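S.K.: no sequence for this one, just the structure:
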C-alpha cells in the first residue's frame, strides 16, 4: 500500500489573524511557518497573550467565519490544516484561574490599587507635600517660581543628547535629541526624542520653536519621567516572524 506524505516547502508561511477567548480586545496578525508544529504555534502565542501552552486550545476559521478545524494534535504541522492568509486562529484559554480570565487584563478598575488616607498622608514627613511646604515657607514667591522652572530637572541628570532610549513603558524606542526647558509646552524640563519609527507628532518643531531636527512624524517632546536611557537597539521589524 502506498504511503501518502505531507510535504511543505521550507519557505512557506501564512499570516493569520489571532483572537482570544478571554481578552476581547486582543487582536493581532501573526505570521507562522507552515512547518511549525501546533505545539510550537502555541509556544509563540503564549508569549503574546499569556495563556500557557498546556491550557491552550486552538481553532482555525476561514475568511468567511466558518470553522475549518480544531488544532487538537500538537504534533501535527500547522500546514496539515491548510490555513491561508487571512484565516483566523482563535485561542481558547481552558484554565479558569488563568491570568487572562475575569477581564482584569483589560479593565484597570478591577486591579487593586494602593490608597492612603488623607490623615495618614498628612502625618508623613517624607512626602512631596511636606517638601513643598518647607521650600515655600523659606521664600514663598521665589521658591514656587523656581520649583516650576526646575520641574523634573533632577531626572535629566543621566539623560544626554544622542543616548538611546525607550519611552512609555518600552512601547517606543529612539534617540535623545534635546534635553532642557520648553516654555511653549509648559514649565520645567522636557526631553526631545526621535523615534525609530513614525510614531511621533512632528519633526522637532513644536508651536513655532525648533528644538531639534528629525524626519516628519518621528519627533516627540516628553517629560523625563517617561524616558529610560540605556542599551535599547532598534527593534527588528521581523522579530515576531522568528520560529
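M.R.: Structure received. From a predicted model like this one, the values you see are computed outputs, not experimental measurements.

S.K.: quick one, phi psi at residue 224?
M.R.: Residue 224 adopts backbone torsions of phi -60, psi -30, taken as degrees, to the nearest 10.

S.K.: quick one: pLDDT of it?
M.R.: According to the prediction, residue 224 has pLDDT 92.

S.K.: just give the nearest non-adjacent residue to it, would you?
M.R.: residue 155 (3.7 Å; C-beta to C-beta, 6 or more residues apart in numbering). No exception for glycine: its C-beta is placed from N, CA and C like everyone else's.

S.K.: cool, residue 210 as well?
M.R.: residue 204 (6.3 Å).

S.K.: how near is that neighbour to residue 46?
M.R.: 40 Å (C-beta to C-beta, to the nearest Å).

S.K.: which of these two has more neighbours?
M.R.: Taking other C-beta atoms under 10 Å, residue 204 and residue 46 do not tie; residue 204 has more neighbours (22 against 16).

S.K.: that one contacts residue 212, correct?
M.R.: Yes: counting by C-beta atoms under 8 Å, residue 204 touches residue 212, with 4.0 Å between them.

S.K.: quick check: neighbours shared by the two?
M.R.: 177-178, 192, 194, 219 (C-beta atoms under 8 Å, 6 or more residues apart in numbering).

S.K.: contacts only, for the residue nearest to residue 210.
M.R.: For residue 204, the contact set (C-beta under 8 Å, 6+ apart) comprises 177-178, 192, 194, 210-214, 219.

S.K.: ok, of the residues you listed, which come out buried?
M.R.: Using 16 or more other C-beta atoms under 10 Å as the burial test, these include 177-178, 192, 194, 211-212, 214, 219 as buried.

S.K.: among these, which two are most distant?
M.R.: Within the buried ones among the contacts of residue 204, two members stand farthest from each other by C-beta to C-beta: 194 and 211, at 10.9 Å.

S.K.: what is in contact with those two at once?
M.R.: 177, 204.

S.K.: mind listing the helices for this structure?
M.R.: 38-49, 118-123, 128-138, 140-149 (DSSP state H).

S.K.: apart from its neighbours in sequence, what residue is nearest residue 129?
M.R.: residue 121 (7.3 Å).

S.K.: do residue 16 as well
M.R.: When the adjacent residues along the chain are set aside, residue 16 lies closest to residue 89, with 4.4 Å between them (C-beta to C-beta, 6+ apart).

S.K.: number of nearby residues for the one you found?
M.R.: 22.

S.K.: find the centremost residue of this protein, please.
M.R.: For the chain, the residue nearest the mean C-alpha position is residue 171 (4.0 Å; C-alpha atoms, centre = their mean).

S.K.: export the contacts of residue 204 to a markdown table and tack on pLDDT and distance to residue 93?
M.R.: Listed next are the contacts of residue 204 as a markdown table, based on pLDDT from 0 to 100; distance: C-beta to C-beta, whole Å:
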| residue | pLDDT | distance to residue 93 |
| --- | --- | --- |
| 177 | 97 | 43 |
| 178 | 97 | 45 |
| 192 | 96 | 42 |
| 194 | 96 | 39 |
| 210 | 94 | 50 |
| 211 | 96 | 46 |
| 212 | 96 | 45 |
| 213 | 95 | 47 |
| 214 | 94 | 42 |
| 219 | 95 | 40 |
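
S.K.: from these, pick the one nearest residue 31.
M.R.: For the contacts of residue 204, the nearest to residue 31 is residue 194 (28.5 Å; C-beta to C-beta).

S.K.: now do the contacts for the closest one.
M.R.: So residue 194 contacts 174-175, 177, 200, 204, 212, 214-215, 218-219 (C-beta under 8 Å, 6+ apart).
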